[in-house]
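Chemist: Below is the sequence, then the predicted model.
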Amino acid sequence: MNPQQVLAQFQATGVETCFHDRHLNPQILSGIDGRNWRLKDYEARGGYQALRKILGVDGGEGMTPDQVIATVKESALRGRGGAGFPTGLKWSFMPRQFPGQKYLVCNSDEGEPGTCKDRDILQFNPHIVIEGMIIAAYAMGITAGYNYIHGEIFQTYERFEEALREARAAGLLGDRILGSALNFQLHAAHGFGAYICGEETALLESLEGKKGQPRFKPPFPASFGLYGKPTTVNNTETFAAVPWIIRNGAQAYLQCGKPNNGGTKIYSVSGDVERPGNYEIPMGTPFSVLLDLAGGVRIGRKLKAVIPGGSSAPVLPASIMMDCTMDYDSIAKAGSMLGSGAVIVMDDSRCMVKSLQRLSYFYMHESCGQCTPCREGTGWLSRVVDRIENGQGRQSDMDLLDNVAENIQGRTICALGDAAAMPVRAMIKHFRPEFEYHVAHKTCMVPAYV
Amino acid sequence: MISEESRARFEQEVAKYPADQRQSAVMACLAIAQQEHGYVSAESERDIAEFLGMAPMAVHEVTTFYNMYNQQPVGKYKLNVCTNLPCQLRDGGKALHHLEKKLGIAMGEATPDGLFTLQQCECLGACADSPVLLVNDRTMCSFMSNEKLDQLVDGLRAAEGKV
């Protein structure tokens, strides 16, 4: 075998994580099997019908840009990247009569630990993102866009490039799309290993060919974005949700979820479950149902804690989590965030100090260094958690951690500082006795971290 | 010197951006240079700076900011193993230790024959596939049990005639 053949043996097929019958009413991951990602397959699933509908190219009335935005607003689609901002409202912020170039950017820089949904969407259903972006471009009067893809999933970037070539050849991208007056050029760009570029203004800096350090907001991208021009940035899954909404109507989407939390959401379930993977389920589904879909907690173990929205979200103990439904409002009410929908499950063999040690190291490693509270504070957090884990902690360290975290939170240009601080504070809030035990006994309360 | 093949690929990347924004292609150009030479040398940075009309230091700023650019030569196969929390919960750390033993080196080091560099890395965005590793920035290997890790290393050694 040559080296490529050797490596090819170990490539994910998506069978375990994505092609299973344990989605509930899927809209984005519906009907895909890993082989049917091409344009003709997507069209056979009803793809690009939403685009045809708004353009009125099949003899229909078409929809005006205002009608498209109103529909997305009514659907209660909220940003799937983490912040949960209403998508239609964001689209309405774009200046309509701006005389120069405006840009549309898809944030596929999926690096929030726990999250691997955008990879599967782009790898196995790339055209749904392209269609969503064309519809968004039409709604906001934008003629150029970029999809910025996490550098580590390079094969997915290449897959998306191939899908773009198909779309261009079919007249779905470029000038006079499907014979209408709509022009939209779309390109793919890749990152190369920087968590911070998932922050939208850092991403824009990176797209401009610079180091990815976030910009101060305001001005927001809608007025000063890529190359200083009005720009809308949405997450991959957000764009992927749009074609279904246009085809089936805002009310159908809203009814699929729950009020203020429309539609389905893809949850990446990782950690101590029997079947880690991506699960697309309606918003508002009980957490216990999602846990069952993922095969439940590892056999022989009990649920201890869950980080419900990616590593930046505050951890929740099992007792609180089991009462939650999976939607923005329920998780927020419980004191955490739905974030990117990355559900990290931890069972009763897990030491919270050791878990936090790895997360704190990550935020120290990925702090861009621009703001002092984050640059210095993430180092403090990491070193103090480190010494507790290594049996050199002091009983005052928990208050010290809380104090450092408090002094980072809200004092930085972007949310990375908050993302580093929140897990620390939540771990201490919910699992303080474990930290105290570590300090007192110089060893772990849960010795078998297996 | 930029090879003719790389130059053609650079041109494709530059064409994605407005004519006055050639700098936007710097990330892609550096990745292409790394693919060709195994790392980003000061010479590559100067060539790319000239090609894109940037200051060499502005290119260097990009090289040093992003984790995946190799600022020094590395082994022929760079293995980046994710050990972030979701992977740590599913044997990511064990995979890294297994490779350390198998290759006889510590993370961050290269094997004396120049075949492998082993690194710990941050989230690859493939959390459900853990243990997971990235080979030479471009090829993701998923569900890497110790047995599969052995197959990977032995297979690459055999392919390179170094058994």
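Modeler: On my side now, so go ahead.
Chemist: any idea how far the residue of the stretch 351-450 of chain A found nearest chain B is from residue A:351?
Modeler: Proximity of the stretch 351-450 of chain A to chain B (C-beta to the nearest C-beta) peaks at residue A:358, 4.9 Å away. To be clear about C-beta, it is placed using only N, CA and C from the backbone, and glycine gets the same treatment. Between residue A:358 and residue A:351 the computed distance is 11 Å (C-beta to C-beta, to the nearest Å).
Chemist: now residue A:264
Modeler: 35 Å.
Chemist: Looking at those two, which one has more neighbours?
Modeler: residue A:264 (25 against 22; other C-beta atoms under 10 Å in any protein chain shown).
Chemist: And the closest residue to residue B:27 other than its chain neighbours, how far from residue A:356?
Modeler: Once flanking residues are discounted, residue B:27 sits nearest to residue A:192: 5.6 Å by C-beta to C-beta, 6 or more residues apart in numbering or on different chains. From residue A:192 over to residue A:356 the distance is 28 Å, taken as C-beta to C-beta.
Chemist: so how many other residues sit close to residue A:179?
Modeler: Neighbour number of residue A:179 under other C-beta under 10 Å is 9.
Chemist: What score does it have for pLDDT?
Modeler: Note for residue A:179: predicted pLDDT of 95.
Chemist: Quick check: it touching residue A:52?
Modeler: No - the criterion here is C-beta atoms under 8 Å, and residue A:179 misses it with residue A:52 at 10.7 Å.
Chemist: okay but residue B:120 is in contact with residue B:100, surely?
Modeler: No - Residue B:120 sits out of contact with residue B:100 when judged by C-beta under 8 Å, with a separation of 10.1 Å.
Chemist: overlap in contacts of these two?
Modeler: Jointly contacting residue B:120 and residue B:100 under the rule C-beta atoms under 8 Å, 6 or more residues apart in numbering or on different chains are residue B:107.
Chemist: Could you pull up the residues touching the residue nearest to residue B:27?
Modeler: By C-beta under 8 Å, 6+ apart, the neighbours of residue A:192 are A:151, B:27, B:30-31, B:66-69, B:137.
Chemist: make it 7 Å
Modeler: A:151, B:27, B:31, B:66, B:68-69 (C-beta atoms under 7 Å, 6 or more residues apart in numbering or on different chains).
Chemist: Assign the closest residue to residue A:200 other than its chain neighbours to helix, strand or coil.
Modeler: Excluding the flanking residues, the one nearest residue A:200 by C-beta to C-beta, 6+ apart is residue A:233, at 4.3 Å. Using DSSP: H, G, I helix; E, B strand; the rest coil, the structure places residue A:233 in strand.
Chemist: And for residue A:233, the neighbour number?
Modeler: Residue A:233, neighbours per other C-beta under 10 Å, totals 25.
Chemist: was I right about it contacting residue A:222?
Modeler: No - contact criterion C-beta atoms under 7 Å: residue A:233 and residue A:222 do not qualify, at 9.2 Å.
Chemist: separation between the residue nearest the centre of chain B and residue A:190?
Modeler: Most central in chain B under C-alpha atoms, centre = their mean is residue B:137, positioned 3.4 Å from the mean C-alpha point. Plainly put, residue B:137 is 10 Å away from residue A:190 if you go by C-beta to C-beta.
Chemist: next one: residue A:82
Modeler: Taking C-beta to C-beta, one finds residue A:82 at 20 Å from residue A:190.
Chemist: what distance separates the longest strand anywhere in chain A from the middle of the whole chain?
Modeler: Assignment by DSSP state E gives strand A:264-271 as the longest strand of chain A. Remark: strand A:264-271 is offset 10 Å from the chain centroid, using C-alpha atoms, centre = their mean, to the nearest Å.
Chemist: what are the pairing partners of that strand, and which direction each?
Modeler: Sheet pairing here is set by DSSP bridges, and for strand A:264-271 it gives strand A:277-282 (antiparallel), strand A:342-347 (parallel).
Chemist: Redo the ones you listed as CSV? Include mean neighbour count and mean pLDDT.
Modeler: Putting the strands paired with strand A:264-271 into CSV (neighbours: other C-beta atoms under 10 Å in any protein chain shown; pLDDT from 0 to 100) gives the following:
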stretch, mean neighbour count, mean pLDDT
strand A:277-282, 26, 97
strand A:342-347, 27, 97
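Chemist: List the contacts of residue A:157.
Modeler: Per C-beta under 7 Å, 6+ apart, neighbours of residue A:157: A:149, A:188, A:190.
Chemist: Equivalent analysis for residue B:136, please.
Modeler: Counting by C-beta under 7 Å, 6+ apart, residue B:136 makes contact with B:77-78.
Chemist: And it, what's its pLDDT?
Modeler: As predicted, residue B:136 sits at a pLDDT of 97.
Chemist: Pretty sure the residue nearest to residue B:27 sits in a helix.
Modeler: No - using three-state DSSP, the secondary structure at residue A:192 is coil, not a helix.
Chemist: Report how many residues lie close to residue 35.
Modeler: This is for chain A. The local packing of residue A:35 (other C-beta under 10 Å) involves 10 other residues.
Chemist: that's the other chain; I wanted chain B
Modeler: Neighbours of residue B:35 using other C-beta under 10 Å come to 14.
Chemist: ok, now the one 4 residues further on?
Modeler: The number of residues packed near residue B:39 is 15, by other C-beta under 10 Å.
Chemist: surely it meets residue B:68?
Modeler: No - look at residue B:39 against residue B:68 with C-beta under 7 Å: they stay out of range, at 11.1 Å.
Chemist: What's the local residue count around residue B:10?
Modeler: Residue B:10 has 22 neighbours, counted by other C-beta under 10 Å.
Chemist: which residue packs closest to it, ignoring adjacent ones?
Modeler: residue B:29 (5.1 Å).
Chemist: Three-state assignment for the one you found, please.
Modeler: Assignment for residue B:29 (three-state DSSP): helix.
Chemist: At which residues are the helices of chain B located?
Modeler: Using DSSP state H, the helices found in chain B span residues B:4-14, B:26-37, B:42-52, B:56-65, B:85-88, B:92-103, B:146-159.
Chemist: what's the most buried one of those?
Modeler: Most buried of the helices of chain B, by mean neighbour count (mean count of other C-beta atoms under 10 Å in any protein chain shown): helix B:85-88, with a mean of 29.
Chemist: is it anywhere near chain A?
Modeler: Yes - using C-beta under 7 Å from any C-beta of the partner chain, we find that helix B:85-88 touches chain A at B:85-86, B:88.
Chemist: For residue 114, give me the pLDDT.
Modeler: As the question left the chain open, I've gone with chain A. Reported pLDDT for residue A:114: 96.
Chemist: right idea, wrong chain: chain B
Modeler: If you check residue B:114, the pLDDT there is 96.
Chemist: ok, now residue A:233?
Modeler: 98.
Chemist: bridging residues for it?
Modeler: residue A:105.
Chemist: just the residues of the stretch 201-350 of chain A that are near chain B, which are they?
Modeler: So the stretch 201-350 of chain A meets chain B at A:206-212, A:227, A:268, A:270-272, A:276-278, A:311, A:344, A:346 (C-beta under 7 Å from any C-beta).
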